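In: Got a predicted structure here, sequence first:
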Amino acid sequence: IVIWLSGIATAVAFVGIVVGVWMYAPSGRVPYAGPKRLHMILGLFFGILACTWAFSGMLSMDPFPLSDDAGIEGTINRALRGAPVRMDVFAVKPPAAALEEAANLRVKRLELTSFDGEAVYLATEAPGRSRIIPMRRGPAVEFDRNRILDAVKRAVQPAILTETTSLTEYDAYYLDRRHERPLPVLRVRLGDAEESRVYIDPRNAQVVGSYSSRSWISRWLYHGLHSINLPWLYTHRPVWDVVVLALLGGGTALSVTSVILACQLLRRTFARPR
């Protein structure tokens, strides 16, 4: 229902834009009065928004499944964990001892996990506040970045790593206006057919984001058009809020005039003598 209705809405909005421009172009004036005049003026200014909003809403239902970024994420995450470790390995350093080593944190979660086949504890107080506690070494804030990259190299073979960067600020494909996504992260570009880019949090050795050439539809046509997730604008508030509220106000006014005109048409239609 969502896919078909949003697809129809996209087509109707596009036709409305074409008709509005066609009616306005010859004389440079709006040939109507009353609600119809207001609707045409709003359509000329906010019709593109109505069209892209309906289209990007349709994309939220993934009607054209092209991306498989979850596949590369799973492959790399498994490589970062390495071979499964036995639970008895953690007896070398019991959980109570691990908590003592994380004494500067008010630990809310103690995870028994592994990194590159090595058993480790991951003690977490809150996002961005965690400690890695290996079995035979002292605690660390993050995992060894060279070992992370070595694990990624093994996971993506025969593709190669074409670029590795430490990001301390969001980029066009990895961003969050609420600043909840972790930073810093490792951005790794792969030399595969999809030109994949993967973002890895070195504090827990997990993939926190990925994009490929097949997922540009989701990035720009969905997140870009539906959430107005544009790199500069998205990270500058309250500019983003002002722009979004203005667009929503114009789109709402356009929708209201559409309903008014539809009600007038229905009233005239049913009021005709039979």
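Out: Now that the structure is in, tell me what you want to look at. Residues are numbered from 1 along each chain as shown.

In: How about whichever strand or helix holds I260, which residues are buried there?
Out: I260 is part of helix 239-271, with elements assigned from DSSP states H and E. The neighbour-count check on helix 239-271 (16 or more other Cβ atoms under 10 Å) flags 240, 250-251, 253-254, 257-258 as buried. Any C-beta I mention is one placed from the backbone N, CA and C, and that applies to glycine too.

In: Likewise for stretch 10-23?
Out: For stretch 10-23, by 16+ other Cβ under 10 Å, it's 10, 13-14, 16-17, 20.

In: Distance to L230, secondary structure and pLDDT added to the residues you listed, as a markdown table?
Out: As requested, those are exported to a markdown table (distance: Cβ to Cβ, whole Å; DSSP: H, G, I helix; E, B strand; the rest coil; pLDDT from 0 to 100):
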| residue | distance to L230 | secondary structure | pLDDT |
| --- | --- | --- | --- |
| T10 | 20 | helix | 93 |
| A13 | 21 | helix | 93 |
| F14 | 22 | helix | 94 |
| G16 | 25 | helix | 92 |
| I17 | 22 | helix | 93 |
| G20 | 26 | helix | 90 |
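
In: and which of those residues is nearest to L265?
Out: L265 has its nearest neighbour among these in G16, at 14.5 Å by Cβ to Cβ.

In: In this structure the closest one contacts G43, no?
Out: Yes - counting by Cβ atoms under 8 Å, G43 is a contact partner of G16 at 5.7 Å.

In: any residues in contact with both of the two?
Out: Listed as contacting both G16 and G43 by Cβ atoms under 8 Å, 6 or more residues apart in numbering are A50.

In: burial measure for E118, as a count.
Out: 18 (other Cβ atoms under 10 Å).

In: What residue, apart from its backbone neighbours, is nearest it spatially?
Out: P134 (6.6 Å; Cβ to Cβ, 6 or more residues apart in numbering).

In: gap between that neighbour and F90?
Out: According to Cβ to Cβ, to the nearest Å, P134 and F90 sit 11 Å apart.

In: what residues are shared contacts of these two?
Out: Shared contacts of P134 and F90, counting by Cβ under 8 Å, 6+ apart, come down to 119, 121.

In: returning to that earlier point: for the residue nearest to E118, which residues are in contact?
Out: 118-121, 140.

In: what's stretch 55-62 in contact with?
Out: With Cβ under 8 Å, 6+ apart as the test, stretch 55-62 has contacts from 2-3, 6-7, 10, 217-218, 221-222, 224-226.
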